[in-house]
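Student: got a sequence here, can you model it:
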Amino acid sequence: MDLITRIGQHFRDSAQVKLDAIEMLAAPIAEATEAMVGCLINNGKILACGNGGSAGDAQHFAAELVGRFEAERQELAAIALTTDTSIITAIANDYSYKVIFAKQIRALGQPGDVLLAISTSGNSANVIEAIRAAHDNDLRVVALTGKGGGEIGEMLRDGDVHICVPAERTARIQETHLLTIHCLCDGIDCLLLGVEE
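Tutor: Next up, the predicted model:
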């Protein structure tokens, strides 16, 4: 296969995964959006975490809320738990990498806040610990996963929201996670501002 054909196949595969996921993901994305707006209206905040590409997605999401997505609006409270290298390295060194997010959630999370927990496999140990800490602190969890949801899919509680991409390939799951994040940001703006376009 030549490189041009290979690139074209990536585009087609990515588009197909997204098209196949519409019916399965639209309702949980809408539910997650409503949960996040309810949190923000009640002076809560959204904490986001993940590893690797998912860490980048957590940061992207927080940036869109604190800055803006597509419409000018008031800043919204969101924190990516993936960005403070002093906190992360201290916790990883003194305790374990497994609790780098959980300890931040215990320090910063308040009842009524929302945790956006991102794990392509659904099995990331530190994201699992983050969800446990969120449950302990009465945060609602929105989980972005793939590959059937893994352990995260099994540990979510009533009131949590599971957005599980119906795919196995990591790249396709991550691409759909990014689209989901943009849908969440757009939905938040729509509900807060009445944005129609």
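Student: CA atoms of the longest strand belonging to the chain as PDB?
Tutor: In the chain, assigned by DSSP state E, the strand with the most residues is strand 140-146. Extracted C-alpha coordinates of strand 140-146, given in PDB (Å, rounded to 0.1, in the frame of the first residue of the first chain):
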ATOM      1  CA  ARG A 140     -20.200  12.900  39.600                       C
ATOM      2  CA  VAL A 141     -18.000  11.000  37.100                       C
ATOM      3  CA  VAL A 142     -18.100  11.300  33.300                       C
ATOM      4  CA  ALA A 143     -15.900   8.600  31.900                       C
ATOM      5  CA  LEU A 144     -14.600   8.600  28.300                       C
ATOM      6  CA  THR A 145     -13.400   5.100  27.400                       C
ATOM      7  CA  GLY A 146     -13.300   2.600  24.500                       C
END
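Student: and after that strand, which helix or strand comes next?
Tutor: Per DSSP states H and E, the first helix or strand lying C-terminal to strand 140-146 is helix 150-155.
Student: what's the following helix or strand after that next one?
Tutor: Where DSSP H and E defines the elements, the next helix or strand beyond helix 150-155 is strand 161-165.
Student: what strands line up against that following strand, and which way round?
Tutor: Strand pairing for strand 161-165, using DSSP bridges, gives strand 140-146 (parallel).
Student: chain center to the strand it pairs with: distance?
Tutor: 6 Å (Cα atoms, centre = their mean, to the nearest Å).
Student: quick one, helices of this structure?
Tutor: 3-41, 53-66, 85-94, 102-108, 125-136, 150-155, 170-193 (DSSP state H).
Student: how about A58, nearest residue that isn't a chain neighbour?
Tutor: Residue nearest to A58 in three dimensions, not counting chain neighbours: A48, with 3.7 Å by Cβ to Cβ, 6 or more residues apart in numbering. (Glycine included, C-beta is placed from N, CA and C.)
Student: tally of neighbours for the one you found?
Tutor: 29 (other Cβ atoms under 10 Å).
Student: that one is in contact with A55, isn't it?
Tutor: No. Under the criterion of Cβ atoms under 8 Å, A48 is not in contact with A55, lying 9.1 Å apart.
Student: could I get the helices of the chain as JSON lines with distance to Q74, mean pLDDT and mean neighbour count?
Tutor: Formatted as JSON lines, the helices of the chain follow (distance: least, Cβ to Cβ, whole Å; pLDDT from 0 to 100; neighbours: other Cβ atoms under 10 Å):
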{"stretch": "helix 3-41", "distance to Q74": "10", "mean pLDDT": "97", "mean neighbour count": "15"}
{"stretch": "helix 53-66", "distance to Q74": "10", "mean pLDDT": "98", "mean neighbour count": "20"}
{"stretch": "helix 85-94", "distance to Q74": "27", "mean pLDDT": "98", "mean neighbour count": "12"}
{"stretch": "helix 102-108", "distance to Q74": "21", "mean pLDDT": "98", "mean neighbour count": "18"}
{"stretch": "helix 125-136", "distance to Q74": "25", "mean pLDDT": "98", "mean neighbour count": "21"}
{"stretch": "helix 150-155", "distance to Q74": "32", "mean pLDDT": "98", "mean neighbour count": "17"}
{"stretch": "helix 170-193", "distance to Q74": "8", "mean pLDDT": "97", "mean neighbour count": "19"}
